[in-house]
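Novice: only geometry, no sequence info:
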């Protein structure tokens, strides 16, 4: 625990949950990179097959070489698998939880509201489920589209410090680990696939 006190079972459980969530998102990212890499390799094969003299002669006769058909099928499959990975994370982020995971209401509230119209009584950490915050362990509300999650600074992996948070511009958006991963995955697809 911060400040040198003893570590409780709840503190350990919170860190384990945060690390498990990070591990799951990292695994999804690695799978996406692998699917993109495989897709690019198969597209290279398609290009190579269509540029060979034998393939061009077969294509002119209305026949398609088996290797070309297989490579095209693999390209389509890898694209679908990559799409499923990104959509699964997006679905998790934007779909209301069924497991009781707390989410704050992004709409207009009227009691104990912040400047954004969010009822602060409804804000709780998705890792530890507590709605209590302190100056050193405040609740961070995600600004990601459709997310509506909050995390204590210490429940994040890696944890945020008070100095890091105070160094941010007030107008700067904060994204939770899930929304950061969604952005990184979309950037990965854009950079590695379309510009790779």
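Specialist: Looks like it came in fine. Just so you know, these numbers come straight off a predicted model, no measurement behind them. Residues are numbered from 1 along each chain as shown.

Novice: and for stretch 24-36, what are the contacting residues?
Specialist: 78-79, 81-82, 85-86, 88-89, 177-178, 181, 184-185, 188-189, 192-193, 196 (CB atoms under 8 Å, 6 or more residues apart in numbering). (Glycine included, C-beta is placed from N, CA and C.)

Novice: in this protein, which helix has the most residues?
Specialist: Counting residues, the longest helix found in the chain (DSSP state H) is helix 9-51.

Novice: going on from it, what's the next piece of helix or strand?
Specialist: helix 53-60 (DSSP states H and E).

Novice: Not counting its own residues, what contacts that following helix?
Specialist: Contacts of helix 53-60 (CB under 8 Å, 6+ apart): 49-50, 64-65, 68.

Novice: So what angle separates the directions of the next helix or strand after that helix and helix 9-51?
Specialist: Toward the C-terminal end, the helix or strand that comes next after helix 53-60 (DSSP H and E) is helix 66-94. Counting by axes from the mean of the first three to the mean of the last three CA atoms, to 10 degrees, helix 66-94 lies at 150 degrees to helix 9-51.

Novice: For helix 66-94, give the mean pLDDT please.
Specialist: Averaged over helix 66-94, pLDDT sits at 89.

Novice: Show me what it is packed against.
Specialist: Here helix 66-94 touches helix 9-51, helix 177-188, going by 3 or more CB pairs under 8 Å, 6 or more residues apart in numbering; DSSP states H and E.

Novice: Apart from its chain neighbours, what residue comes closest to residue 154?
Specialist: Spatially, and ignoring its direct neighbours in sequence, residue 154 is nearest to residue 137 (4.9 Å; CB to CB, 6 or more residues apart in numbering).

Novice: what about the one you found, how many neighbours?
Specialist: Applying other CB atoms under 10 Å, we find 19 residues neighbouring residue 137.

Novice: What of residue 10?
Specialist: 10.

Novice: For it, give me its contacts.
Specialist: residue 128.

Novice: how near is it to residue 139?
Specialist: Distance, residue 10 to residue 139, using CB to CB, to the nearest Å: 17 Å.

Novice: repeat for residue 165
Specialist: 11 Å.

Novice: Neighbour count: those two, which is higher?
Specialist: A direct count of neighbours by other CB under 10 Å for residue 165 and residue 139 places residue 139 higher, at 19 against 13.

Novice: so how far is residue 126 from the more buried one?
Specialist: 10 Å.

Novice: hey, what's in contact with both of these two?
Specialist: Listed as contacting both residue 139 and residue 126 by CB under 8 Å, 6+ apart are 150-151.

Novice: got the phi/psi numbers for residue 139?
Specialist: Backbone torsions of residue 139, given as degrees, to the nearest 10, read phi -80, psi 130.

Novice: what sits opposite it in the beta ladder?
Specialist: Taking DSSP bridges, one finds residue 152 as the beta-bridge partners of residue 139.
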